[in-house]
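In: Just need the structure, nothing else, for what follows:
(one chain, ligands or ions: 1)
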Amino acid sequence: MNHVRSKFPEGFLWGGATAANQVEGGFYEGNKGMNIADVLPGGKERLKILLSPGFDFKIDKEKYSYPNHEAIDFYHRYQEDIALFAEMGFKVYRMSIAWTRIFPNGNELEPNEDGLAFYDRVFDELHKHGIEPVVTISHYEMPVNLVTEYGGWRSREVVTFFERYVKAIFSRYQGKVKYWMTFNEINSGLHFPIMGLGFAIQKEEDKYQPTFQAYHHQFVASSTAVKLCREMMPDAQIGCMILYAPVYAYDCNPENVMYALREQQLFNYFCADVQVRGEYPAFIKRYFKEHNIKLAIQEGDLELIKENTVDYIGFSYYMSRTEKKVKSAEEAAQGNILSGVRNPFLKASDWGWEIDPTGLRISLNELYDRYRIPLFVVENGLGAIDTVEEDGTINDAYRIDYLRDHIKAMREAIEDGVELMGYTSWGCIDLVSMSTGEFSKRYGLIYVDKHDDGSGTLERKKKKSFFWYKNVIATNGEEL
Ligand code: BGP
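Out: Presented below is the predicted three-dimensional model:
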């Protein structure tokens, strides 16, 4: 039988993705308040803080440089950047709104007009070029005040503040934004609680009761946003956003298969089950019992969650993860940022993130089999060190290979029957890396002259991948 080559559907949403705190800069302009990213240092110290306990949210200007304070200055250069996205033919641009531009401390009663006006300008500029914004409501940038004064998402009060924020942006941008997502990589709080849940894990027990209580609050907040979206913008679509990394068993030992399945359930499915199916999954009950987790659930919460499930699943895909029930310290050290052990069949990026395009096809199949609602790959890309040649070109063939292989995997998944809405490559323009806080880990199709020591002219240059991706979009994925 001949292999039928599948096609991307008409209207497929090609584009790129960024997040406010990683591109905007202007961290104190327009009456913006301070968010978590504003106080995180760059460099090796950052990952330690993300993964381990006890970060003190104090600004220590002597000690740290704060890479996102200037970032790539999208705050002032958005017109130039959007023109470049348009030149590549973007149909959509995934971005986020910084909560602290709208409610500088998170708990004010009225929104900040300067912040609202900034995103009006950005959305208008996108529309001028025929690009639809895809907006993440909260992408790793909780107001610091909510972290220090309320304990982040552990506090129920934060749900009220979030609702106020959501109402303000929905009423201002209805008619301007058709695609929304609630929390970026909501499940990542299990690995990076500071970024995702707004508090540091101080002791082992914090991983259980406080973490899952914080999740319950986020689920209520997310469902509230879905409800408001339906009421205020019936034509818009609102999704959840998951960090998806399929979990493979290291071998066919049933103990390892069972262990991998447990990890898959907890990490990949727990949050999606609540937001898509509208209920806590069966498997979590045992986990709650074993870890003595008793959620404080208010009257009406479970109904709200049940009645306000998302329209689509946005997810990021960078790598798979290979798990073994019992691992030696040496094996564990070779796992990737999400833990696990080294997969002998895969090569990894310079940061140890395993490159696994087939894993994307697997992810798309797993997600669609389980949920049967449209999927949207809203992050995928290769973090690498790029070199500017003497003639000014940047020949990032390795990035083209990476993107091509992942786009081919999506094409296969579409042929497998998966309903896929679109693809936004991560860091379509170089930006501050989330886990390293550095510029040298670059994802862009557009290079930005900005370096880890803070130097650089901020000039934009088109990489080889820019021209390649432009043709991919122009041919709707026919020419890879
Ligand atoms: C995801 C985040 C992004 C982004 C990306 C790449 O987890 O949603 O914010 O940064 O990962 O990660 P990094 O920048 O650490 O390479």
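In: secondary structure class for residue 306?
Out: Of the three states, residue 306 takes helix under DSSP: H, G, I helix; E, B strand; the rest coil.
In: Quick check: closest non-adjacent residue to residue 137.
Out: What sits nearest to residue 137 in space, not counting adjacent residues and going by CB to CB, 6 or more residues apart in numbering, is residue 182, at 5.5 Å. Just so you know, the C-beta spots here come from the backbone N, C-alpha and C atoms, and that holds for glycine as well.
In: pretty sure the one you found is in a helix, no?
Out: No: checked against three-state DSSP, residue 182 lies outside a helix; its state is strand.
In: Number the residues from 538 up from this point.
Out: Sounds good: first residue 538 from here, last item residue 719.
In: Might one say that it is in contact with residue 766?
Out: No: using CB atoms under 8 Å, residue 719 is not in contact with residue 766, being 9.2 Å away.
In: burial count for the residue nearest to residue 674?
Out: Other residues near residue 719 come to 26 when the count uses other CB atoms under 10 Å.
In: same deal with the one 10 residues further on?
Out: Residue 729: 20 surrounding residues under other CB under 10 Å.
In: Repeat that for the one 10 residues further on.
Out: Counted with other CB under 10 Å, residues neighbouring residue 739 total 11.
In: any idea how far residue 685 is from the residue nearest to residue 684 when sequence neighbours are not counted?
Out: On the basis of CB to CB, 6+ apart, the spatially nearest residue to residue 684 that is not a chain neighbour turns out to be residue 735, at 4.8 Å. Computed as CB to CB, to the nearest Å, the residue 735 to residue 685 distance reads 10 Å.
In: any idea how far residue 659 is from residue 622?
Out: 11 Å.
In: er, residue 732 actually
Out: From residue 732 over to residue 622 (counting by CB to CB), the distance is 26 Å.
In: what mean pLDDT does stretch 765-782 have?
Out: The predicted model gives stretch 765-782 an average pLDDT of 98.
In: buried set for it?
Out: 765-766, 770, 773-782 (16 or more other CB atoms under 10 Å).
In: so what's residue 686 closest to, chain neighbours aside?
Out: Taking CB to CB, 6+ apart as the measure, residue 686 lies nearest to residue 644, with 7.9 Å between them; neighbours along the chain are not counted.
In: So for stretch 584-593, mean pLDDT?
Out: Here the mean pLDDT over stretch 584-593 is 72, rounded to a whole number.
In: Also stretch 989-1007?
Out: Stretch 989-1007 comes out with an average pLDDT of 97.
In: near the ligand, anything from it?
Out: No: judged by CB under 6 Å from any ligand atom, stretch 989-1007 and the ligand are separated, with a smallest distance of 13.4 Å.
In: where does the stretch 838-987 of the chain come near the ligand, residue by residue?
Out: Taking CB under 6 Å from any ligand atom as the contact definition, the stretch 838-987 of the chain meets the ligand at 853, 916, 920, 963, 970, 971, 972, 978.
In: pLDDT check: weakest of those residues?
Out: Across these, the member with the lowest pLDDT is residue 972, scoring 91.
In: Doesn't it lie inside a strand?
Out: No: assignment of residue 972 by three-state DSSP gives coil, placing it outside any strand.
In: That one is in contact with residue 585, isn't it?
Out: No: counting by CB under 8 Å, residue 972 does not reach residue 585; the two are 10.7 Å apart.
In: ok, which stretches of the stretch 688-837 of the chain are strands?
Out: Along the stretch 688-837 of the chain, the segments classed as strands by DSSP state E, counting those that start in this stretch run 716-720, 774-780, 784-786.
In: let me fix that: the stretch 538-687 of the chain
Out: Taking DSSP E, counting those that start in this stretch as the criterion, the stretch 538-687 of the chain carries its strands at 550-554, 629-633, 669-675.
In: Could you export these as JSON lines, including mean pLDDT and mean neighbour count?
Out: Listed next are the strands of the stretch 538-687 of the chain as JSON lines, based on pLDDT from 0 to 100; neighbours: other CB atoms under 10 Å:
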{"stretch": "strand 550-554", "mean pLDDT": "98", "mean neighbour count": "24"}
{"stretch": "strand 629-633", "mean pLDDT": "98", "mean neighbour count": "26"}
{"stretch": "strand 669-675", "mean pLDDT": "98", "mean neighbour count": "24"}
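In: circling back: quick one: the residue nearest to residue 686 and the ligand, what's the gap?
Out: Residue 644 is 25 Å from the ligand, where distance means CB to the nearest ligand atom, to the nearest Å.
In: My read is that that residue contacts residue 683, right?
Out: Yes: with contact defined as CB under 8 Å, residue 644 reaches residue 683; the gap is 6.9 Å.
In: higher neighbour count, those two?
Out: With other CB under 10 Å as the criterion, residue 644 and residue 683 differ in neighbour count, and residue 683 comes out ahead with 27 against 16.
In: give the contact list for the more buried one.
Out: In this structure, residue 683 makes contact with 642, 643, 644, 689, 692, 695, 698, 735, judged by CB atoms under 8 Å, 6 or more residues apart in numbering.
In: If you rank these by neighbours, which is first?
Out: Among the contacts of residue 683, residue 735 has the most neighbours (other CB under 10 Å), with 30 neighbours.
In: How about the closest residue to residue 848 other than its chain neighbours: which residues does it bridge to?
Out: Counting by CB to CB, 6+ apart, residue 848 lies nearest to residue 774, which is 4.3 Å off, once chain neighbours are set aside. When bridges are taken as DSSP bridges, the partners of residue 774 come out as residue 716.
In: wait, doesn't residue 774 sit right on residue 672?
Out: No: in this structure, residue 774 sits apart from residue 672 without contact. The criterion is CB under 8 Å, and the distance is 11.2 Å.
In: Identify the farthest-apart pair in the buried residues of stretch 765-782.
Out: By the measure CB to CB, the buried residues of stretch 765-782 have their two most distant members at 770 and 782, which lie 31.6 Å apart.
In: Check the burial of the closest residue to residue 713 other than its chain neighbours by counting its neighbours.
Out: In space, not counting the residues next to it along the chain, residue 713 is nearest to residue 660; the distance is 4.4 Å by CB to CB, 6+ apart. By the other CB under 10 Å criterion, the neighbourhood of residue 660 contains 21 residues.
In: Would you quantify the distance from residue 660 to residue 783?
Out: Here residue 660 is placed at a distance of 35 Å from residue 783 (CB to CB).
In: How about residue 841?
Out: 30 Å.
In: Mind telling me what element the nearest residue to residue 898 once chain neighbours are set aside is part of?
Out: Spatially, and ignoring its direct neighbours in sequence, residue 898 is nearest to residue 946 (4.2 Å; CB to CB, 6+ apart). Using DSSP states H and E, residue 946 falls within helix 934-952.
In: tell me the angle of the helix or strand just after that helix relative to strand 669-675?
Out: Reading on from helix 934-952 to the C-terminus, the next helix or strand found by DSSP H and E is strand 957-963. Strand 957-963 runs at 70 degrees relative to strand 669-675, counting by axes from the mean of the first three to the mean of the last three CA atoms, to 10 degrees.
In: Now find how far off-centre the very next helix or strand once past strand 957-963 is within its chain.
Out: Moving toward the C-terminus from strand 957-963, the first helix or strand encountered (DSSP H and E) is strand 983-985. Put simply, strand 983-985 sits 20 Å off its chain's centre (CA atoms, centre = their mean, to the nearest Å).
In: what residues does strand 983-985 touch?
Out: Contacts of strand 983-985 from elsewhere in the structure, counted by CB under 8 Å, 6+ apart, are 609, 618, 621, 923, 925, 931, 965-968, 976, 993, 995-1000, 1003.
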